[in-house]
Each structure stands twice: as C-alpha cells, then as structure tokens.
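Asks: Predicted model and sequence follow; I will ask about them next.
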Amino acid sequence: MLVGRAKFAVIFLSVSLAGTVAPVLAKKKDKDKVPSSAGDQRHALHALNRLTFGPRPGDVQRVMAMGVDKWIDLQLHPETIDDSALDARLEPFRTTRMSTKEIAEEFPDGQEIHQVMNGKKPRPADAALRMVYQVQIDRQQEKKARQESTKIARSTPYTNASADHFVTNAVTNTAMNPATNSSMENEILTEANHKNAHNSGVSSTAPPVALTAEEQEQARRREQKLYSDLEVQQLPSLPPEQRFKKVLGMSLEEQVALADSLRGGKAQEFLEGLPPKQKETLLAMNNPGGVVTGEQTQAKLLRAIYSERQLDEVMTDFWFNHFNVFVDKGVDRLLLSSYERDVIRPHALGKFEDLLVATAKSPAMLFYLDNWLSVGPDSDQSLGIPAHPSGADGRPRPSRPNPRKRPSGLNENYGRELLELHTLSVNGGYSQRDVTEVAKVFTGWTIDKPAEGGGFKFDPRMHQPGPKFVLGRRIKFKGEGEGLEVLHRLATSPQTAHFISLKLAQRFVSDAPPPALVDRMTKTFLKKKGDIRELLTVLFRSPEFWDDGAYRAKAKTPLEFVASALRATSAEVDDALPLTRQLNNMGMPLYGAQPPTGYSMKAETWVSSSALLNRMNFALALTAGKIKDVKVDVAQLAGSNSPDPPQDSIRILSVLEASLLNGDISKQTHDSITAQIATAAANGASVKNNKPGTDTDAEAPRTDISTIAGLLLGSPEFQRR
C-alpha cells in the first residue's frame with residue numbers, strides 16, 4: 001500500500017502551483033490564426049483546458065483530428081452541436097424548466113405555508129400538492145405549539161397544574177417521535193406523578209393523573225403514528241405506481257411519519273422507480289425549497305461534466321459569476337432557475353448590452369440587490385400622493401403629502417454594483433454622486449409580486465421625478481427610458497470595454513494578462529458593439545493565448561477541479577448531490593457566493609496547503625469508489641482492457657499518466673510517485689493490473705491502482721489548466 005495522503009500532499013506542495021509545471025507551448029507569431037500545427041497534441045490539450053471544464057479520454061485525439069481552429073469555431077457556435085445526451089440526463093430535474101410562478105406554487109416557502117395555514121389562501125386542489133402543504137402546515141403548528149409550551153413553562157411556577165401541562169407536552173412530543181413506545185409514555189406519566197406528589201405532599205404511589213380528552217387524542221395520534229411507521233416500512237416493497245397512490249391515501253399522521261422516514265438521505269430506496277414529479281412531491285414534504293436548489297445545483301454540475309457545448313457552459317458560469325446573485329437570499333431561491341436559464345444562458349455569447357439589460361430587469365437581480373424596494377425621495381409613493389383620483393387629463397390631482405409616508409426609501413446597492421462590478425470597474429472614474437444619481441434613475445424598476453413568481457415591472461409612482469446627472473451627462477426625465485439610456489451608455493463605454501476584456505483575459509489566459517492583449521480586445525469590443533463571440537474570437541486567435549507563459553498558467557477553481565476530475569476519469573454520475581456537497585467542503589457551494597463580487601478566478605484564493613489536501617482527499621475518494629453514486633473504472637483507466645495490459649507498478653503509472661494527464665507531467669511529480677511506489681514495494685506491497693474476476697486477490701491491487709490514479713488527480717499538473 002502507498003503512503004498516506006497527507007504525506008503526498010506535502011510532497012506535491014513542494015511543486016509550487018504558482019510556477020510552470022509542464023512543458024510549454026512554442027511561441028506563435030501569427031496573431032490572426034490558431035497555430036498552423038493544429039494537429040499538435042499540446043495545442044489541442046491547451047485549447048481543451050481553457051475552453052472546457054477539462055478533457056475527457058480521447059478528446060485530445062478528436063480535436064487533433066478535426067483541427068484546433070475548427071473545433072474552437074464549433075464551440076463558439078453551440079447551437080450547431082447536438083447535446084441531446086445531456087438533455088436526457090437533465091430530464092428528471094423538472095424545476096429547471098419550470099416558470100418561477102410554477103415553482104412558487106409547487107414548492108412553497110414558509111411564508112406561503114403560513115398564509116394557507118391562516119386561511120389567507122386556499123389549500124391546493126391537487127391531491128399531491130395539497131399533501132405537501134398539509135405536512136408543512138402540521139410541522140409549523142407543531143413548532144408553534146412547542147414554542148408556546150416552552151414559553152408557558154418558563155414563566156409559570158411549578159404546581160400541580162403545571163405537572164398536568166408537563167404531561168400534555170410529553171404526550172404531544174412522544175406522539176411525534178417514531179422511536180417512542182408505551183413504556184416511554186409510562187415513564188413520562190410516572191415522572192409527572194412524582195412531581196405532583198412532591199408539590200402536594202401525597203405519596204408517589206398515588207394513582208396516575210387522568211388524561212384530558214385533548215391528551216387522549218394526542219395519545220391516540222401517537223399510537224396511530226407508531227402504526228404508520230410500520231406501514232411506511234412496507235411501502236418500498238410495493239410497485240412504484242402503487243407506492244405513490246398508497247401515500248396519497250394515507251392519513252395526515254401517516255404522511256408526516258413518511259416524511260420523517262425520508263429525511264437524512266434515507267429516501268433513495270423509497271423513491272426508486274418513481275417518476276420525477278412524484279419524487280419531487282415526496283421530497284418536498286420535508287423541504288420544498290431544498291428540492292429546487294438541489295435540482296439546480298445538480299443540473300449545473302452535470303452540464304459542466306457532460307455537455308458537448310463546453311464553451312457555452314464555461315461562459316454561462318463566467319457571466320453568472322460576473323452578475324452574481326445569492327441563492328439563499330429570500331425568494332432568489334425561486335428566481336434562480338429562470339435567471340440562469342432565461343437571462344444568462346441566452347446571452348452568454350451574444351451582445352453585452354443585451355445581457356446587461358436582461359440582468360437589470362431580472363427579478364433575481366432586482367431582489368438580490370434590493371432595487372425592487374428602491375423609492376425616489378420625491379416620488380408619489382414617498383410623498384404619500386395617491387394614484388387616484390385623477391383629473392380630466394388623466395394625471396393625478398395634487399394632494400397634500402402624508403407626513404407619515406415620507407421616508408426616501410432610496411437604495412443604492414444596484415447603482416453601486418452596476419458601476420463597480422458590472423460595467424466600469426472600481427477604478428472606472430465615477431463618484432459617489434454618480435452612484436446616487438444612478439440609483440435614482442432605477443427607482444421604479446421593481447417586481448410584480450415576487451413571492452408569487454411575478455416578473456419585472458416599472459412603477460412610475462416609485463420613480464424619482466426630474467432630470468438626473470450621471471458621469472457628467474444630463475439624463476432627461478422619461479421614466480423607464482432613463483434606465484435604458486444609462487445602461488446603453490455604460491455598455492458602450494471604453495472603461496466597460498476594458499474591464500470586460502480584462503476579466504475575459506483573466507479567465508482564459510492568466511491572472512495578470514498582457515496589457516497589449518487587453519487593449520486589442522477593448523478595441524474589438526467597441527468596434528463590434530460588445531459582441532462577446534467576436535471578442536472571444538480575437539482572444540482565442542491571439543499570440544498571447546498560445547504563448548508559452550499561458551500554458552497551465554491558471555489554477556482551477558473547486559468547480560473546475562471537480563468537473564475536470566470527473567471528465568478525466570469518465571465517471572458515471574447517478575446522483576450529483578454528493579458532489580455538490582464536496583464543493584461545499586472545498587469552499588465553493590454552487591450559487592452560494594453571498595457578496596455581489598461572486599467567486600474569485602485568481603489562484604491566490606484557491607491555492608493553499610489545506611485546499612490542496614481537500615482536493616487530494618476528494619481525488620483519492622473518487623478513484624477508490626468512495627463518492628456515493630459516482631462510479632469510476634480505474635482498472636480500465638490503467639489499461640486492463642488493452643491486448644497487453646501493464647502488470648508492474650511503473651508501467652501502470654505510465655498508462656495512468658497518459659490517460660489522466662495525456663502524458664503531460666513534470667519529472668518531479670513522476671519521480672515523487674515512483675519513489676513512493678518503490679517504498680511500498682520494499683515494504684512488501686505490490687501493484688498489479690488484473691481484470692475483475694481473474695484473480696482471487698484482485699481487490700488489493702485495484703486499491704493500489706486507484707491510489708495512484710487519485711494521486712495523479714491531486715498533482716500540481718492536474719490542479720492547473
């Protein structure tokens with residue numbers, strides 16, 4: 001067996017991720033074309049490392065056969081690429097295709113449940129959806145009852161009456177606990193009688209206190225729930241079509257018991273074979289919002305791993321990060337799917353101005369940066385002027401302002417981030433006054449009933465009247481048109497052109513890209529009116545992109561690392577949720593960047609001893625088959641299916657270097673692993689490559705192969721792209 005992963009992490013840290021760790025590309029003189037030696041393996045590998053989430057086995061050869069330039073052009077036009085295989089993988093995730101209104105109705109949040117519980121909204125007519133609401137309402141009522149009981153217990157001296165109250169609470173709690181039994185109830189009643197005896201001077205052997213009718217009903221519910229637990233245990237053995245029908249026919253107590261039994265990852269067996277909508281319904285009984293975010297994160301990761309339109313996925317991720325919203329801010333949970341699907345993705349390779357306007361009008365952005373609540377200080381709403389009655393000309397009549405409705409309500413969050421992060425950059429030449437004036441311009445840009453999935457609307461009563469002055473220019477008063485004018489000016493600004501060009505060069509070239517490249521891209525941005533596809537074409541044809549200094553100059557983010565490891569190993573992912581949890585551990589939860597800056601693309605954020613150790617742990621777990629619902633055939637990666645499979649350790653290492661890193665590995669990394677193999681051999685361990693079923697002692701050799709594969713995925717070479 002090879003040495004421990006912590007020791008290997010120390011070894012690999014000696015190879016700095018800040019330096020070049022592999023042979024480099026030759027310099028290219030012609031800035032207008034991809035290298036003429038398009039069949040060169042290293043050029044193909046470089047293109048794949050930059051335009052995709054990492055090469056799969058055979059990708060380098062396919063790109064070489066097509067030609068790097070043709071392959072890049074194909075990726076720049078994703079609509080021409082068949083991605084039906086990915087569509088099949090995404091089919092179970094209904095919420096990624098649903099409208100925000102549909103998500104709000106089928107996966108209610110706490111506020112929606114509360115309104116139905118209090119009779120402000122009717123219960124759904126659909127039986128399956130009504131079941132979700134009923135279970136959630138039952139839990140809210142139970143929680144409220146516990147809180148009230150605790151409050152009373154803390155504020156009331158202990159008396160005989162409070163002992164009775166203790167019994168009531170105890171029976172209620174045991175009624176909701178599937179693990180309890182009649183002996184527990186007896187213990188509770190006995191304890192209550194002991195306390196009664198202590199307070200009244202009566203012997204503790206006195207008869208038990210009598211249960212009220214309410215307490216008897218609670219005890220009955222507890223017995224019913226114990227019976228329900230037995231019923232729930234039998235349900236997985238039923239055919240799927242009968243299983244869900246049986247659940248719909250259960251009592252509320254039984255449905256609550258079922259929901260409890262599906263918590264903590266115990267749902268897989270029960271959900272096996274059910275259609276997607278039925279699975280979602282049963283999972284929503286516990287956490288409606290978790291179903292939505294879970295499907296969104298899984299879909300994002302599966303797209304990164306399996307999509308043939310890799311550049312489109314890279315750019316969608318890039319622009320989402322640039323126009324970041326945070327999934328855990330209120331109703332953004334409902335709005336996130338539409339934001340990425342309808343706002344970011346369609347414009348990922350289009351015109352920057354179109355993308356900028358789409359994000360500005362997106363309910364997700366309006367909610368995230370609070371602009372939907374921004375009210376002009378002198379607007380009708382702020383001054384308390386009613387919309388009606390109106391005069392003969394249709395304009396509101398003057399009205400005496402209501403002094404109790406005079407807060408300005410102006411919110412500068414979106415105005416500031418629009419200038420600093422979305423367009424001009426922090427050094428874009430604007431002032432605090434510009435931020436305030438831009439905020440006034442966008443007053444009235446709001447959301448129609450956000451909790452119900454409403455879309456963008458412009459509310460003139462919230463809008464600040466009068467002209468505004470932005471970046472030294474006067475903006476005439478024209479309602480919604482003011483915002484569109486400001487967005488146009490920002491989208492066509494030289495400062496914006498430079499900032500966007502710089503960020504793209506940082507993503508695809510290096511953390512500190514050559515200024516000459518950024519300048520040429522800036523000119524293209526202005527000349528082509530912010531055409532992102534044209535901008536990328538200039539970037540990918542530039543000598544700086546193909547320069548030797550750019551080769552493996554970028555450290556992978558956790559998302560890029562995980563996706564590239566799964567692609568390199570041809571992993572089969574049956575459930576992506578365990579992988580999303582791995583990303584959480586690495587500090588990059590999907591859609592989980594709380595600040596508007598999004599996640600950093602620079603190495604300094606992600607390169608550290610602890611980060612490398614976390615990645616090493618993931619890599620070793622992946623190749624050892626220890627990531628739940630993710631399968632990797634390391635024996636096949638090591639050439640077990642070849643006519644002449646390698647048998648000794650060094651040959652196996654060589655084959656794995658070729659399959660996982662296309663042979664592009666530094667001498668130092670190779671020697672480090674070779675030395676450890678030699679140490680293991682000296683200690684009596686061996687590494688063989690046997691096909692499954694051909695050797696009774698095959699498991700130990702395969703474990704060693706998986707360790708070598710994991711170490712290669714954790715190497716400095718694989719950490720860079």
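Replies: Great, that's in hand.
Asks: burial of residue 619, as a residue count?
Replies: 27 (other CB atoms under 10 Å). The way it works is simple: take the backbone N, C-alpha and C, and place the C-beta from them, glycine included.
Asks: so it touches residue 713, yeah?
Replies: Yes. With contacts counted by CB atoms under 8 Å, residue 619 reaches residue 713, the gap being 3.7 Å.
Asks: which neighbours do those two share?
Replies: Jointly contacting residue 619 and residue 713 under the rule CB atoms under 8 Å, 6 or more residues apart in numbering are residue 565.
Asks: Tell me how far residue 631 lies from residue 298.
Replies: To residue 298, residue 631 is 16 Å away according to CB to CB, to the nearest Å.
Asks: Those two: which has the busier surroundings?
Replies: Using other CB under 10 Å as the criterion, residue 631 and residue 298 rank with residue 298 on top: 22 against 12.
Asks: give the contact list for the more buried one.
Replies: By CB under 8 Å, 6+ apart, the residues touching residue 298 are 93, 575, 576, 577, 580.
Asks: Could I have the buried ones of those residues as PyMOL selection syntax?
Replies: To isolate the buried ones among those in PyMOL, judged by 16 or more other CB atoms under 10 Å, type:
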select buried, resi 93+576+577+580
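Asks: Please convert the contacts of residue 298 to JSON lines, extending it with pLDDT and distance to residue 547.
Replies: Output for these, formatted as JSON lines (pLDDT from 0 to 100; distance: CB to CB, whole Å):
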{"residue": "93", "pLDDT": "97", "distance to residue 547": "41"}
{"residue": "575", "pLDDT": "94", "distance to residue 547": "41"}
{"residue": "576", "pLDDT": "96", "distance to residue 547": "36"}
{"residue": "577", "pLDDT": "94", "distance to residue 547": "40"}
{"residue": "580", "pLDDT": "95", "distance to residue 547": "36"}
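Asks: Inside helices: which ones of the contacts of residue 298?
Replies: Of those, the ones assigned to helices by DSSP state H are 577, 580.
Asks: Which residue ranges of the chain form strands?
Replies: Along the chain, the segments classed as strands by DSSP state E run 445-447, 456-458, 468-470, 473-475, 572-573, 630-631.
Asks: Buried deepest among those, which one?
Replies: Highest mean neighbour count of the strands of the chain: strand 445-447, a mean of 23 (counted as mean count of other CB atoms under 10 Å).
Asks: For residue 512, grab the count of nearby residues.
Replies: Counted with other CB under 10 Å, the neighbours of residue 512 add up to 11.
Asks: Dump the strands of the chain to TSV, plus mean pLDDT.
Replies: Below are the strands of the chain laid out as TSV (pLDDT from 0 to 100):
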stretch	mean pLDDT
strand 445-447	97
strand 456-458	97
strand 468-470	97
strand 473-475	97
strand 572-573	98
strand 630-631	96
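Asks: Could you identify the longest helix within the protein?
Replies: Using DSSP H to define each element, the chain has its longest helix at helix 127-155.
Asks: Report the distance from it to the chain centre.
Replies: Put simply, helix 127-155 sits 30 Å off its chain's centre (CA atoms, centre = their mean, to the nearest Å).
Asks: I'd like the average pLDDT over it.
Replies: Computed over helix 127-155, the mean pLDDT rounds to 86.
Asks: What are the buried residues along that helix?
Replies: Those would be 128, 129, 131, 132, 133, 134, 135, 136, 137, 138, 139, 149, for helix 127-155 by 16+ other CB under 10 Å.
Asks: my read: residue 89 touches residue 301, true?
Replies: No. Residue 89 is not in contact with residue 301 according to CB under 8 Å; the separation is 10.7 Å.
Asks: Looking at the two, which is more packed in?
Replies: Neighbour totals were compared for residue 89 and residue 301, and residue 301 leads with 23 against 17 (other CB under 10 Å).
Asks: what sits against residue 439?
Replies: By CB under 8 Å, 6+ apart, the neighbours of residue 439 are 374, 410, 411, 412, 414, 415, 416.
Asks: any idea how far the first one lies from residue 65?
Replies: Remark: distance between residue 374 and residue 65 (CB to CB) = 55 Å.
Asks: Which one of those two is surrounded by more residues?
Replies: A direct count of neighbours by other CB under 10 Å for residue 374 and residue 65 places residue 374 higher, at 27 against 12.
Asks: Look at residue 288 and say how many residues are nearby.
Replies: Per other CB under 10 Å, the neighbour tally for residue 288 reads 25.
Asks: Can you say which two of the contacts of residue 298 are spatially most distant?
Replies: Using CB to CB, the contacts of residue 298 reach their maximum pairwise distance at 93 and 580, which is 12.8 Å.
Asks: and stretch 274-288, which residues are buried?
Replies: Buried, per 16+ other CB under 10 Å, within stretch 274-288: 274, 278, 279, 280, 281, 282, 283, 284, 285, 286, 288.
Asks: residues contacting the closest residue to the second one other than its chain neighbours?
Replies: Among residues not flanking residue 278 along the chain, residue 244 sits closest, at 4.7 Å (CB to CB, 6 or more residues apart in numbering). Shown here is residue 244, whose contacts under the criterion CB under 8 Å, 6+ apart are 274, 278, 281, 282.
Asks: which residues touch the nearest residue to the third one once chain neighbours are set aside?
Replies: So the one you mean is residue 281. Nearest residue to residue 281, sequence neighbours excluded (CB to CB, 6+ apart): residue 128, at 4.8 Å. Counting by CB under 8 Å, 6+ apart, residue 128 touches 248, 277, 278, 281.
Asks: CSV please, covering those and showing pLDDT and distance to residue 599.
Replies: Formatted as CSV, the contacts of residue 128 follow (pLDDT from 0 to 100; distance: CB to CB, whole Å):
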residue, pLDDT, distance to residue 599
248, 93, 42
277, 94, 33
278, 94, 35
281, 95, 33
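Asks: Of those, which pair is most distant in space?
Replies: The widest separation within the contacts of residue 128 (CB to CB) is 12.8 Å, between 248 and 277.
Asks: Can you list the low-confidence ranges for the stretch 1-150 of the chain?
Replies: Along the stretch 1-150 of the chain, the model assigns pLDDT under 70 to residues 1-39.
Asks: Over to the chain?
Replies: The model of the chain has pLDDT under 70 over residues 1-39, 156-233, 264-266, 388-408, 684-703.
Asks: residues in contact with the spatially most central residue of it?
Replies: The centre of the chain sits closest to residue 590, judged by CA atoms, centre = their mean, with a distance of 2.5 Å. Residue 590 makes contacts with 296, 297, 300, 301, 559, 580, 583, as judged by CB under 8 Å, 6+ apart.
Asks: follow-up on the earlier one: could you single out the nearest of the buried residues of helix 127-155 to residue 623?
Replies: Of all those, residue 132 has the smallest distance to residue 623: 39.7 Å, by CB to CB.
Asks: Setting aside sequence neighbours, what's the nearest residue to that closest one?
Replies: With sequence-adjacent residues excluded and distances taken as CB to CB, 6+ apart, residue 132 is closest to residue 284, at 4.8 Å.
Asks: For that neighbour, which residues are in contact?
Replies: Neighbour list for residue 284: 106, 107, 132, 291 [criterion: CB under 8 Å, 6+ apart].
Asks: buried subset of those?
Replies: 106, 107, 132, 291.
Asks: Quick check: the residue nearest to residue 352 when sequence neighbours are not counted vs residue 487, distance?
Replies: Excluding the flanking residues, the one nearest residue 352 by CB to CB, 6+ apart is residue 530, at 3.5 Å. Residue 530 is 11 Å from residue 487, where distance means CB to CB.
Asks: anything in contact with each of those two?
Replies: Contact criterion CB under 8 Å, 6+ apart; residues shared by residue 530 and residue 487: residue 353.
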